[in-house]
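Asker: Provided below are the primary sequence and the corresponding predicted coordinates.
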Amino acid sequence: MLRDLVSGGPALAVMAHPDDESFGLGGVLSALAVAGADLRVLCLTSGEASTLGAGVDLATVRRDELSAAAELLGVTAVDLLDFPDGGLATVAPDDLDAVVRDALRGAATLIVFEASGVTGHPDHRAATASAVRIAGEQGLRVLEWGVAPTVAEALNAEFGTDFGGFDGDGVIDVEVDREMQFAAIACHESQAVDNPVLARRLELSGRVDRIRVTAPRD
């Protein structure tokens, strides 16, 4: 399936925060890069509201971290916007859709977190919803990433988190390159230090990530 995506044309990952491309999508992006994909990233916020790394010019720090991580993941271009971190759900959908549309530049596939936002974060849900709307409008494929229900249940029990399990028609597990993902994660020093939830999620997921690829209905 990943080889089919590569041959189909460029892919654009649409995400809410710097580090989503590594912490979340890193395994899938690295697998696509190894297969020869033309990968691009659209990040809708600068991640300035994070409580990790507070006290520095966090937007600038996270911009530089994103740039370094994207290069390691084989991403050829990054668009970093400045919609409010923590406030994407309050942005007019037409405004989000406009920037996703402008960022397509020939993309055939949009890569997103699954509809629940994986962790339930409203920013994640808003980014995915916009990408799915544009995919339907433009007739593009969508690759959704999520975590298995068993992984979500374990994380929620151990850490009190709100992960949603990803299952249903068309959902499959694919082998990914964790070494590339770990290298990209390390670029996000302001966010990756002392992140036990991330470490445990990757441990539970092993060498596979859960995805679904869909084409828009006619």
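Answerer: Arrived safely.

Asker: Give me the neighbour count for Pro149.
Answerer: For Pro149, the tally of surrounding residues (other Cβ atoms under 10 Å) stands at 14. Any C-beta I mention is one placed from the backbone N, CA and C, and that applies to glycine too.

Asker: show me what contacts it?
Answerer: Gly165, Phe166, Asp167 (Cβ atoms under 8 Å, 6 or more residues apart in numbering).

Asker: Grab the nearest non-local neighbour of the last one.
Answerer: Meaning Asp167. Among residues not flanking Asp167 along the chain, Pro149 sits closest, at 5.5 Å (Cβ to Cβ, 6 or more residues apart in numbering).

Asker: Equivalent analysis for the first one, please.
Answerer: In space, Gly165 comes closest to Pro149 once its chain neighbours are excluded; the distance is 2.9 Å by Cβ to Cβ, 6+ apart.

Asker: for the protein, longest strand please?
Answerer: strand 75-83 (DSSP state E).

Asker: What would that strand look like as CSV? C-alpha coordinates only.
Answerer: Extracted in CSV, the C-alpha atoms of strand 75-83 (Å, rounded to 0.1, in the frame of the first residue of the first chain):
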residue,chain,number,x,y,z
VAL,A,75,10.6,15.8,4.1
THR,A,76,11.4,18.1,1.2
ALA,A,77,9.5,21.2,2.2
VAL,A,78,7.9,22.6,5.4
ASP,A,79,5.2,25.3,5.6
LEU,A,80,5.0,26.6,9.2
LEU,A,81,2.0,28.9,9.9
ASP,A,82,1.1,30.9,13.0
PHE,A,83,-2.5,30.1,13.8
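
Asker: quick one: buried residues of that strand?
Answerer: For strand 75-83, a neighbour-count test (16 or more other Cβ atoms under 10 Å) marks Val75, Val78, Asp79, Leu80, Phe83 as buried.

Asker: Stretch 83-91 now?
Answerer: By neighbour count with 16+ other Cβ under 10 Å, stretch 83-91 contains the buried residues Phe83, Asp85, Gly86, Leu88, Ala89, Val91.

Asker: who touches the closest residue to Gly120 other than its chain neighbours in this structure?
Answerer: Once flanking residues are discounted, Gly120 sits nearest to Asp162: 4.0 Å by Cβ to Cβ, 6+ apart. Counting by Cβ under 8 Å, 6+ apart, Asp162 makes contact with Thr119, Gly120, Asn156.

Asker: Could you take the residues you listed and lay them out as CSV, with extra columns for neighbour count and pLDDT?
Answerer: Putting the contacts of Asp162 into CSV (neighbours: other Cβ atoms under 10 Å; pLDDT from 0 to 100) gives the following:
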residue, neighbour count, pLDDT
Thr119, 20, 96
Gly120, 12, 95
Asn156, 14, 98
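
Asker: quick one on the thing from earlier: out of the contacts of Pro149, which is most surrounded?
Answerer: Phe166 (23 neighbours).
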